[in-house]
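*Asks:* Here is a sequence together with a model predicted from it:
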Amino acid sequence: MRRYLIIILCFQFGITFSQEEKLEEAIKEAKRFVATANNVLKNDGNFPKAEGEYRKAISKNSEDATAKYNLANAYYNSEKYDEATTRYTEASKLETATKTEKHKAFHNQGNTHMEQKKYKEAVESYKNALRNNPKDEETRYNLALAKKMLEQQQQEQNDENQDNEDQNKDQDQNQDQKEGEDKEEKKGDDGENKSDPKDKGEDEGNKGEDENKDGDEKKDEGEPKDDKKDKGDEEKDKADQGEPKDQQPKQVQGQLSPQQVKSLLEAMNNEEKKVQDKMNAKKTQGAKVRTDKDW
């Protein structure tokens, strides 16, 4: 019985020892993959090959924070910010990660959010970094910068929302004004199209008066007037009433009347006086006044 118990214990011990050996071997192999990736990335700048080596290291030892952290840095430098954020998060959540490693992961994660203008997320990442290392002034500076950028971003969003609201309000007012104008125009058209019975009666009455007037005019046109008779009767009436006849002498063609001769002489005298006054004024303007120069 004891013999079997000893055999079982030895077997279990052998299994445990074998597992520890495999784990140690996996850890060593993971470190070799990380070292290779670092050299490839630093010396050759070959990101695809380095990424493959980092992934091999993670597959060998998923609890290795170094491989995930270095891969995140490689993603960050290649501007693959989403992938970098994922790997930084994985590195910071590992139980085996030290406070120093967590601080670095959160700090770089904040930098990644800043590149994406995700200032709210950046603030949280920098706060987590300071929780693991409160003495890092660089992280503290980045946190203050992230807060400032977040305030500006929120202010810009508020201004943009206000502009959109004002624009929508103006559009609604213009639409209401247009609808009101359309209603007034439609109302005016309806008023013009409707016929007033009173106006209709007046129009018919005026039409009848116009027809009667036209008939009278046509009737008068049918009876020719005796102009000579009317003119003779008018002169006869003037003679009977004792009105004086126009006895002014007719002007002979080509001769001037005394009044016209007088007006012409006055105009000539006035013109000669104007010429004389103008000559006297020019004589007066000829004498210029000298001025002293002030140096």
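*Replies:* Cool, got the structure.

*Asks:* Only C-alpha atoms from now on, for both contacts and neighbour counts.
*Replies:* OK.

*Asks:* so A72 is in which element?
*Replies:* Element membership of A72 [criterion: DSSP states H and E] is helix 65-77.

*Asks:* Using CSV, write out the CA atom coordinates for that helix.
*Replies:* Presented in CSV, the C-alpha positions along helix 65-77 are these (Å, rounded to 0.1, in the frame of the first residue of the first chain):
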residue,chain,number,x,y,z
ALA,A,65,3.0,42.7,-19.7
THR,A,66,6.2,43.7,-21.5
ALA,A,67,5.2,42.1,-24.8
LYS,A,68,1.7,43.7,-24.8
TYR,A,69,3.2,47.1,-23.7
ASN,A,70,5.9,47.0,-26.4
LEU,A,71,3.3,46.0,-29.1
ALA,A,72,1.1,48.9,-28.0
ASN,A,73,4.0,51.3,-28.4
ALA,A,74,4.6,49.9,-31.9
TYR,A,75,1.0,50.5,-32.8
TYR,A,76,1.2,54.0,-31.4
ASN,A,77,4.2,54.9,-33.5
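
*Asks:* If you count neighbours, what's buried in the next helix or strand along the chain from that helix?
*Replies:* Remark: after helix 65-77, the chain's next helix or strand is helix 81-93, criterion DSSP H and E. Judged by neighbour count (16 or more other CA atoms under 10 Å), helix 81-93 contains these buried residues: Y81, A84, T85, R87, Y88, T89, E90, A91, S92.

*Asks:* likewise stretch 267-275?
*Replies:* So for stretch 267-275, nothing qualifies as buried (16+ other CA under 10 Å).

*Asks:* One more: stretch 133-150?
*Replies:* Applying 16+ other CA under 10 Å to stretch 133-150 flags N133, T139, R140, N142, L143, A146, K147, M149, L150 as buried.

*Asks:* quick one: pLDDT of the second one?
*Replies:* Note for T139: predicted pLDDT of 96.

*Asks:* measure S18 to E24 for me?
*Replies:* Per CA to CA, to the nearest Å, S18 is found 10 Å from E24.

*Asks:* now do A67
*Replies:* When A67 is compared with E24 (using CA to CA), they lie 16 Å apart.

*Asks:* With neighbour numbers in mind, choose between these two.
*Replies:* A67 (28 against 13; other CA atoms under 10 Å).

*Asks:* average pLDDT across stretch 74-85?
*Replies:* The model assigns stretch 74-85 a mean pLDDT of 96.

*Asks:* what bits of the protein have low per-residue confidence?
*Replies:* Low-confidence segments of the chain, defined by pLDDT under 70: 1-17, 187-258, 261, 279-295.

*Asks:* report the longest helix in it, please.
*Replies:* helix 137-193 (DSSP state H).

*Asks:* Show me what that one is packed up against.
*Replies:* helix 119-132 (3 or more CA pairs under 8 Å, 6 or more residues apart in numbering; DSSP states H and E).

*Asks:* Flag every buried residue along the helix it packs on.
*Replies:* 119-130, 132.

*Asks:* How about stretch 95-110?
*Replies:* Neighbour-count burial for stretch 95-110, with 16+ other CA under 10 Å as criterion, is recorded at A97, E101, K102, H103, K104, A105, F106, H107, N108, Q109, G110.

*Asks:* roughly how far apart are the first one and H113?
*Replies:* Distance check for A97 against H113: by CA to CA, it reads 22 Å.

*Asks:* now swap in the second one and tell me
*Replies:* In this structure, E101 and H113 are separated by 18 Å, where distance is defined by CA to CA.

*Asks:* With A122 instead?
*Replies:* Counting by CA to CA, the gap from A122 to H113 is 5 Å.

*Asks:* The buried residues of stretch 95-110 into JSON lines, with extra columns for distance to N158 and secondary structure?
*Replies:* Shown next, in JSON lines, are the buried residues of stretch 95-110 (distance: CA to CA, whole Å; DSSP: H, G, I helix; E, B strand; the rest coil):
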{"residue": "A97", "distance to N158": "41", "secondary structure": "coil"}
{"residue": "E101", "distance to N158": "38", "secondary structure": "helix"}
{"residue": "K102", "distance to N158": "35", "secondary structure": "helix"}
{"residue": "H103", "distance to N158": "34", "secondary structure": "helix"}
{"residue": "K104", "distance to N158": "34", "secondary structure": "helix"}
{"residue": "A105", "distance to N158": "33", "secondary structure": "helix"}
{"residue": "F106", "distance to N158": "30", "secondary structure": "helix"}
{"residue": "H107", "distance to N158": "29", "secondary structure": "helix"}
{"residue": "N108", "distance to N158": "29", "secondary structure": "helix"}
{"residue": "Q109", "distance to N158": "27", "secondary structure": "helix"}
{"residue": "G110", "distance to N158": "24", "secondary structure": "helix"}
